[in-house]
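[1] Could you look at this predicted model? Sequence included:
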Amino acid sequence: MICKICGNSEGNQPHIAREMMFGLGDSFTYLECSRCGCVQLQDPPADMSKYYPPTYYSFAITPVAIFNHPVKNIAKRFRDTYAVTNRSSLGKVLYVLFPDMLIRSLAHTGVTKRSRILDVGCGSGWLLYSLVNAGFRTVLGIDPYIDATITYKNGLTIRKQSIHEVDGE
Ligand SMILES: [Zn+2]
């Protein structure tokens, strides 16, 4: 099996996993590349919609409900700036008090507030909403399984679109 990312075919490890969230039990083979470490789904189903019903967790989280308090939003701005960029002393203190491992997982990517970020399969876009709240301006979310394109008052747009429909680099 060949890695779709780096083309390596030596020493790659297959992993079999079953869908358990909805109890469908469907079996999927993933490949772990021995060179680049990418774990990738082999032979994705043509129609993945049954795995992303409207009740799927990332559609159910509404960022507007999370960012509904002006003072907390300011605190989150500092905390999330530190979590992603390691900048902001106040943000560091807030992060120690109120950690968020998911947004912190972006820290190793080296993104800055000037980075262009595309979140593929972002659901309602709550992670991008956090980034926009923290001052990131060139972000875009796409998800083919949301009901319709979403435009939030803070300027964030989540398009009902697949990655194959995105223009540009
Ligand atoms: Zn690879």
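    That came through fine.

[2] Just the buried positions in stretch 29-38, please.
    Buried residues in stretch 29-38, counted by 16 or more other CB atoms under 10 Å: L31, E32, C33. Where you see a C-beta, it was placed from the backbone N, CA and C, and this is true even at glycine.

[3] So the nearest residue to F98 once chain neighbours are set aside: helix, strand or coil?
    Leaving aside its sequence neighbours, F98 sits nearest to R79 (CB to CB, 6 or more residues apart in numbering; 6.1 Å). At R79 the chain is in helix, as set by DSSP: H, G, I helix; E, B strand; the rest coil.

[4] Is it correct that R79 is in contact with R87?
    No: applying CB atoms under 8 Å as the test, R79 and R87 come out as separate, 11.7 Å apart.

[5] Tell me which other helices or strands the worst-scoring helix or strand of the chain on mean pLDDT touches.
    Of all helical and strand segments in the chain, the minimum by mean pLDDT, DSSP states H and E falls on helix 57-60, at a mean of 82. If you count contacts as 3 or more CB pairs under 8 Å, 6 or more residues apart in numbering; DSSP states H and E, helix 57-60 packs onto no helix or strand.

[6] So which bits of the helix or strand following that helix are buried?
    Once the chain leaves helix 57-60, the next helix or strand it forms, by DSSP states H and E, is helix 63-66. Buried residues in helix 63-66, counted by 16+ other CB under 10 Å: P63.
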